[in-house]
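Student: show me the folded form of this:
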Amino acid sequence: MSWLLESLNSSIGKKILMAVTGISLILFLVGHLSGNMALFANDGGKSFNAYAEFLHHLPGLMVIEIILASVFLLHILNALRLWVENKKARPVKYAVNASSKNSTIFSRTMVQTGSIILIFLIVHLKNFWYEYVILKSNDNLFEIVVETFKDPVYSGLYILAMILLGFHLNHGFQSAFQTFGWNHKKYTPFINFLGAIYSIAMAVGFASMPIYFLFFYGGN
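Tutor: Residues are numbered from 1 along each chain as shown. Next comes the predicted model:
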């Protein structure tokens with residue numbers, strides 16, 4: 001076990017852990033968005049509530065939630081650790097004069113966008129998961145979604161958070177491939193393109209939900 005801890009605490013180990021947890025979250029977002037597309041079914045929320053019930057009674061759900069929460073926590077803590085170590089190792093003068101030339105805005109704002117996304121995630125879990133699963137304030141999750149997104153302030157902040165999520169994912173997607181050595185002059189442009197398409201799709205997909213309920217949904 002000690003060798004595993006030593007490996008994870010090494011420079012390469014931290015980057016690999018960051019990439020593995022990042023890819024896991026990237027895949028999770030695809031599944032999460034796909035399921036949430038049921039919100040757009042014109043059936044008064046029946047499809048989405050059926051999807052929510054399926055997840056709620058999924059065998060081993062608690063284990064899945066613990067694993068998912070652990071992945072999130074590892075990703076966040078490891079990101080903060082790498083950021084602190086990089087700050088200590090990089091001279092201030094170099095950071096001021098050269099960072100913009102050697103990096104993109106997506107990479108330079110990873111900690112900032114990640115921090116805002118974390119705050120959003122906590123609020124998001126409170127509004128949906130906590131209300132539906134823990135408090136059981138309403139057994140109709142679709143109604144919770146409708147009422148929450150009818151608030152223009154919350155919807156506006158949600159959309160802003162999704163834009164920042166797109167920024168975060170754009171660099172994270174490409175960085176994960178680079179960590180595993182999949183950065184070749186022949187394939188890197190395609191990976192960068194795929195990362196951009198993915199990040200835009202996730203940002204637009206999630207942002208479309210509050211936009212729909214705020215401006216277009218009339219109820220059934």
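Student: wouldn't residue 48 be in contact with residue 141 here?
Tutor: Yes - with contacts defined as C-beta atoms under 8 Å, residue 48 counts as touching residue 141 at a distance of 6.9 Å. Glycine gets a C-beta too; all of them are placed from N, C-alpha and C.
Student: which stretches of the protein form helices?
Tutor: Counting by DSSP state H, the chain has these helices, from start to end: 2-9, 11-36, 46-56, 61-89, 92-102, 105-108, 110-125, 141-149, 152-179, 188-211.
Student: show me what counts as buried in the third one.
Tutor: Neighbour-count burial for helix 46-56, with 16 or more other C-beta atoms under 10 Å as criterion, is recorded at 47-49, 51-52.
Student: show the pLDDT at the closest residue to residue 138 other than its chain neighbours.
Tutor: Excluding the flanking residues, the one nearest residue 138 by C-beta to C-beta, 6 or more residues apart in numbering is residue 144, at 5.4 Å. Looking at residue 144, its pLDDT reads 94.
Student: residue 129 is in contact with residue 144, correct?
Tutor: No - checked against C-beta under 8 Å, the pair residue 144 and residue 129 is beyond contact range at 10.1 Å.
Student: these two: who's more crowded?
Tutor: Regarding residue 144 and residue 129, a neighbour count based on other C-beta atoms under 10 Å identifies residue 144 as having more, with 18 against 13.
Student: if I pick that one, what's in contact with it?
Tutor: Residues near residue 144 by C-beta atoms under 8 Å, 6 or more residues apart in numbering: 127-128, 131-132, 137-138.
Student: list buried residues within the residues you listed.
Tutor: 127, 131-132.
Student: make JSON lines from those residues and add distance to residue 167 to it.
Tutor: JSON lines is the format used below for these (distance: C-beta to C-beta, whole Å):
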{"residue": "127", "distance to residue 167": "23"}
{"residue": "131", "distance to residue 167": "29"}
{"residue": "132", "distance to residue 167": "29"}
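Student: between these, which sits nearest residue 198?
Tutor: residue 127 (25.7 Å; C-beta to C-beta).
Student: can you tell me how far the closest residue to the closest one other than its chain neighbours sits from residue 186?
Tutor: Spatial nearest neighbour of residue 127, excluding adjacent residues (C-beta to C-beta, 6+ apart): residue 148 at 5.3 Å. Remark: distance between residue 148 and residue 186 (C-beta to C-beta, to the nearest Å) = 46 Å.
Student: who's more crowded, these two?
Tutor: For residue 148 and residue 186, the more surrounded residue by other C-beta under 10 Å is residue 148, and the numbers stand at 17 against 6.
Student: quick check: the residue nearest to residue 138 vs residue 15, distance?
Tutor: Going from residue 144 to residue 15 by C-beta to C-beta gives 39 Å.
Student: hang on, residue 173 packs against residue 194?
Tutor: Yes - with contact defined as C-beta under 8 Å, residue 173 reaches residue 194; the gap is 7.4 Å.
Student: surely residue 198 is in contact with residue 166?
Tutor: No - checked against C-beta under 8 Å, the pair residue 198 and residue 166 is beyond contact range at 9.2 Å.
Student: need the pLDDT of the residue nearest to residue 61 when sequence neighbours are not counted.
Tutor: Nearest residue to residue 61, sequence neighbours excluded (C-beta to C-beta, 6+ apart): residue 55, at 7.1 Å. Note for residue 55: predicted pLDDT of 91.
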